[in-house]
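Asker: Sequence and predicted structure, then a few things I'm wondering about:
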Number of protein chains: 2
Amino acid sequence: MGFKESEEQLLSMVATNGGHGENSSYFDGWKAHDRDPYHPNQNPEGVIQMGLAENLLCHDLMEEWIRKNPAASICTEEGISQFRAVANFQDYHGFPFFRQAVAKLMEKVRGGRVKFDPDRIVMSGGATGAQETLAFCLADPGDAFLIPVPYYPAFDRDFCWRTRARLLPIHCHSSNNFNITKSALEAAYLNAQKSNIRVKGVLISNPSNPLGTTMDERTIRTLLSFTNEKRIHLICDEIFSGTVFRPPHFISLSEIVESDPECDRDLVHVVYSLSKDLGLPGFRVGVIYSYNDEVVACARKMSSFGLVSSQTQHMVGCMLADEEFTSNYLAENARRLKERHEVFTDGLRRVGIRCLEGNGGLFCWMDLRSLLKKATLEGELELWRVIVNEVKLNVSPGSSFHCAEPGWFRVCFANMDDETTVRALRRIRLFVNGEIEKVEEKKKKKKNRLDEGLRLSLPRRFEEDMVMTPRLMTSPHSPLVPATI
Amino acid sequence: MGFKESEEQLLSMVATNGGHGENSSYFDGWKAHDRDPYHPNQNPEGVIQMGLAENLLCHDLMEEWIRKNPAASICTEEGISQFRAVANFQDYHGFPFFRQAVAKLMEKVRGGRVKFDPDRIVMSGGATGAQETLAFCLADPGDAFLIPVPYYPAFDRDFCWRTRARLLPIHCHSSNNFNITKSALEAAYLNAQKSNIRVKGVLISNPSNPLGTTMDERTIRTLLSFTNEKRIHLICDEIFSGTVFRPPHFISLSEIVESDPECDRDLVHVVYSLSKDLGLPGFRVGVIYSYNDEVVACARKMSSFGLVSSQTQHMVGCMLADEEFTSNYLAENARRLKERHEVFTDGLRRVGIRCLEGNGGLFCWMDLRSLLKKATLEGELELWRVIVNEVKLNVSPGSSFHCAEPGWFRVCFANMDDETTVRALRRIRLFVNGEIEKVEEKKKKKKNRLDEGLRLSLPRRFEEDMVMTPRLMTSPHSPLVPATI
């Protein structure tokens, strides 16, 4: 951040220790996009944003519902009689009908195989706020949560920055599709013990961000029995649960808990949000669902720092209470995600790029290992800089997800329209073909090869872009960084 | 909180240390109201809520504006074209027009005597979130802020709970209307030094909560020069700035800062919110206005934990951008508050109750010292229990505001309609007259007096209420406690 020495003493350690984690290629990619954003007409050579796990595929369904239900808004003739009661509402339990509607949605996403008690639902400012709240409830400074790598970069901000807790990796590998094994769990726990770090829990995301895969029942049971045995917490971030678009179907931690009378529910907590499944990140609707009474009570008190706007609770609560709407929405959302995922992965496959076999999420975990000059972190970042600055696609390198194996990239596919998808695939195709041509050319002209340094040469199609490529640097004052993924 | 020993180890110290401060008569009064809320028809003998600093006097003005401006909502035919852009908006800077409109409102509240830069406005989840964010930016665990007593009880939660910072009192006295003196400031600072506590700043509220008074220019200048001299921060909570209803007019810290070229702006921070001035606590619109670039940058990153819903930003931003509306609103709000304040304080005066001379806020600082049996904290709480349980008015005892002088009570007057105000005044009159009668009766029948223990006898009018009075106790699981004051 570059504080002057005298200023460092004025502010706190939290403010000055860089724990927010913004100095990461994950966020740098966003900034590159923000400086030169793609627009089909105004800036067709700009950076296409594929680093943002947004779901823009089903807003039309919500718009249709809203048009038909004007009373759901406190700003319409039909709904304004509720204005003053809603505007003045400041109960940190939230509107009961809002919590009931969210619980119903969570049940529906899980195929009705599990029940949620609305009284265990605690509001928070998005999943971001939910994660931090749980960390504050469960961990003291210095305590750790174990987490399988790769994992969502902003977990460092959410779980560690202000709480001073830590995340310690559970090592997962491409050789078994990044699944979590019992031995990796044990090794991570043992490592912490050796370093005298108290482990307070295990944190997982299911469907996984960034893998785009759901967790199988056996793995969830392994995690649950492991955490029970060690008397530590199990937190499952299920914010992508409504994005599962093909088998195997999503299995929630809640289902396993309900089927296991032996398990200690006081150790189990689920995070949910409407930002991904419903594509409503601006509304900041996050929830904690804890099976531990004391955590519910404490998190509810903490929710004062990030309550959901009562205007939004009211509207969203009315919408989700319409079960016919939510059933249709979830089915159509899955259908559209499946279609887009197929178009996208087919396009990649045609140029020889494969992804980890995914069935959920708003992204693919793309394997570009064959394109690395060197199978190192630096080699990965070198390729990433080319993709962002020259191919003009903001994808996120695996290293920003703490992945130990270089060459994996997360690429989002549901935050754009069909035309942009085609455009992005075309850029990838030209790039990869160019790379292949280049390799062949190199073989031919080996003796004339110049030192290309850190820069890879590009097919002609992209050369013009390079002139206007801004430098990738951190802008400490006003990074136009979205709040979540 | 009553955790079992084994559970204590499962949760964090923050979760189990009681630092939220909910076990206070301030919150207990709310709970008493929640268990037996007054309703003119359904429960006319219930507890009248006078412990909640709400502003319900001007919602009709907003409703009128909303009816005339349907395009300001994303849920109307006129505004729905904005739905998807708004719903998906997740930039933590906030909508530029929203920040501009909030800056304009803040200028208008200060009579146009000061300018605010929209780029220094950082969103937060209400003032609650703003205060905590500032504490995280400025203080390390163990560091302290000095604060004049009496002060808003939930500052303990906001400034100390999760940040582990502390608040240390600057002692103020009724003898000079609770003004802050230079010597009290120096003494508080010296006390901290003696205890080896690092002081990081001074925190004030202007207009003061709970005093209902504005701070004079000289005091603000004293505070500013004191904090500058010590190289510590000055945080001013100005969330009641738009409630000043009679002279002297409100002087913002910002005005003094702008008029003082010598002052170090890096040490100055203002908190604002729409919960009080506009009566919109449910919308959770809080802001930090910091003159320190690094604090702006850091607080903006922290705002991810409590962003304002984009639906609310959009609507409120449109409304506040209408300067004719805001001018009219502020004038009418002040007029109605003045009228209500007069009715209320006149009613009290007629039964011999005086209040600190106030000119802002949504409450009076009521002097009931003459009604205390003993001039002690216990005497104050004894009287308070009678007022809450038997007179059935939830007022807040001074001790819950850390006031060292027993016998002062904060009583809110803008959160009810005219009829309820009359009813509340009638209860107070009957109670006070009963107390006077009782004293006279006691003199007559001195020899027959029974030991009344902690209970004061009441005029007959209230005896029936006592049968249904619930026990005042802390309900740790589900206290129906609003999020802010």
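Answerer: Perfect, thanks for sending it. Residues are numbered from 1 along each chain as shown, chains lettered A, B, ... in the order given.

Asker: which SSE is A:Lys438 in?
Answerer: When elements are assigned from DSSP states H and E, A:Lys438 belongs to helix A:418-444.

Asker: Same check on A:Ile251?
Answerer: Per DSSP H and E: nothing holds A:Ile251, as it lies in no helix or strand.

Asker: Hmm, A:Arg218 and it touching each other?
Answerer: No. Counting by C-beta atoms under 8 Å, no contact exists between A:Ile251 and A:Arg218, whose distance comes to 10.0 Å. The way it works is simple: take the backbone N, C-alpha and C, and place the C-beta from them, glycine included.

Asker: Those two - which one has more neighbours?
Answerer: Set side by side, A:Ile251 and A:Arg218 give different neighbour counts by other C-beta atoms under 10 Å in any protein chain shown, the larger being at A:Ile251 (22 against 9).

Asker: Find the residue ranges of chain A scoring beneath the pLDDT cut-off.
Answerer: For chain A, residues meeting the criterion pLDDT under 70 lie at A:1-8, A:439, A:446-485.

Asker: again, only using 50
Answerer: A:1-8, A:451-485 (pLDDT under 50).

Asker: Strands along that one, start to end?
Answerer: With DSSP state E applied, chain A shows strands at A:48-49, A:121-125, A:144-148, A:166-170, A:199-205, A:233-237, A:268-273, A:285-290, A:354-355, A:363-367, A:393-394, A:396-397, A:408-412, listed in chain order.

Asker: Quick one: closest of these to B:Ala299.
Answerer: strand A:121-125 (14.3 Å; C-beta to C-beta).

Asker: contacting residues around A:Phe83?
Answerer: By C-beta atoms under 8 Å, 6 or more residues apart in numbering or on different chains, the contact list for A:Phe83 reads A:Ile74, A:Cys75, B:His59, B:Met62, B:Glu63, B:Ile66.

Asker: Please state the offset of the helix holding A:Lys438 from the chain centre?
Answerer: In terms of C-alpha atoms, centre = their mean, to the nearest Å, the gap separating the centre of helix A:418-444 from the centre of its chain is 28 Å.

Asker: quick one: buried residues of it?
Answerer: Residues of helix A:418-444 classed as buried under the neighbour-count rule (16 or more other C-beta atoms under 10 Å in any protein chain shown) are A:420-421, A:423-425, A:427-432, A:434-435.

Asker: how near is A:Ile197 to A:Leu234?
Answerer: 18 Å (C-beta to C-beta, to the nearest Å).

Asker: and these two? which has more neighbours close in?
Answerer: When neighbours are counted by other C-beta under 10 Å, A:Ile197 and A:Leu234 differ, and A:Leu234 comes out ahead with 25 against 15.

Asker: My read is that that one contacts A:Val268, right?
Answerer: Yes. Under the criterion of C-beta under 8 Å, A:Leu234 is in contact with A:Val268, at a separation of 5.6 Å.

Asker: what residues are shared contacts of these two?
Answerer: Listed as contacting both A:Leu234 and A:Val268 by C-beta under 8 Å, 6+ apart are A:Leu224, A:Leu253.

Asker: check contacts around the spatially closest residue to A:Lys230 that is not a sequence neighbour.
Answerer: In space, not counting the residues next to it along the chain, A:Lys230 is nearest to A:Tyr189; the distance is 6.6 Å by C-beta to C-beta, 6 or more residues apart in numbering or on different chains. Contact criterion C-beta under 8 Å, 6+ apart gives A:Leu146, A:Val199, A:Lys230 as the residues in contact with A:Tyr189.

Asker: Mind putting those residues into a markdown table with neighbour count?
Answerer: A markdown table is the format used below for the contacts of A:Tyr189 (neighbours: other C-beta atoms under 10 Å in any protein chain shown):
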| residue | neighbour count |
| --- | --- |
| A:Leu146 | 28 |
| A:Val199 | 22 |
| A:Lys230 | 17 |
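
Asker: Would you format those as CSV with distance to A:Gly347 included?
Answerer: As requested, those are exported to CSV (distance: C-beta to C-beta, whole Å):
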residue, distance to A:Gly347
A:Leu146, 36
A:Val199, 42
A:Lys230, 44
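
Asker: which one of those sits closest to B:Leu105?
Answerer: The shortest distance between B:Leu105 and any of these, using C-beta to C-beta, involves A:Leu146 and amounts to 47.2 Å.

Asker: right, and the closest one touches A:Glu186 too?
Answerer: No. Contact status for A:Leu146 versus A:Glu186: not in contact, 10.2 Å apart, counting by C-beta under 8 Å.

Asker: Kindly reformat the strands of chain A as JSON lines and extend each row with distance to chain B.
Answerer: What follows is the strands of chain A, written out as JSON lines (distance: least, C-beta to the nearest C-beta, whole Å):
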{"stretch": "strand A:48-49", "distance to chain B": "12"}
{"stretch": "strand A:121-125", "distance to chain B": "4"}
{"stretch": "strand A:144-148", "distance to chain B": "12"}
{"stretch": "strand A:166-170", "distance to chain B": "14"}
{"stretch": "strand A:199-205", "distance to chain B": "8"}
{"stretch": "strand A:233-237", "distance to chain B": "7"}
{"stretch": "strand A:268-273", "distance to chain B": "11"}
{"stretch": "strand A:285-290", "distance to chain B": "8"}
{"stretch": "strand A:354-355", "distance to chain B": "25"}
{"stretch": "strand A:363-367", "distance to chain B": "16"}
{"stretch": "strand A:393-394", "distance to chain B": "15"}
{"stretch": "strand A:396-397", "distance to chain B": "16"}
{"stretch": "strand A:408-412", "distance to chain B": "13"}
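
Asker: burial count for the nearest residue to A:Ala101 once chain neighbours are set aside?
Answerer: Distances taken as C-beta to C-beta, 6+ apart place A:Leu320 nearest to A:Ala101, at 3.7 Å, with adjacent residues excluded. Other residues within reach of A:Leu320 by the criterion other C-beta under 10 Å amount to 24.

Asker: Pretty sure A:Leu320 sits against A:Arg99.
Answerer: No. Under the criterion of C-beta under 8 Å, A:Leu320 lies out of contact with A:Arg99, with a separation of 10.3 Å.

Asker: so who does A:His33 touch?
Answerer: Neighbouring residues of A:His33 by C-beta under 8 Å, 6+ apart: A:Gly46, A:Val47, A:Ile48, A:Gln49, A:Gly51, A:Asn394.

Asker: with the residues you listed in mind, which one is nearest to B:Cys172?
Answerer: Taking C-beta to C-beta as the measure, A:Gly51 is the one of those closest to B:Cys172, at 52.9 Å.
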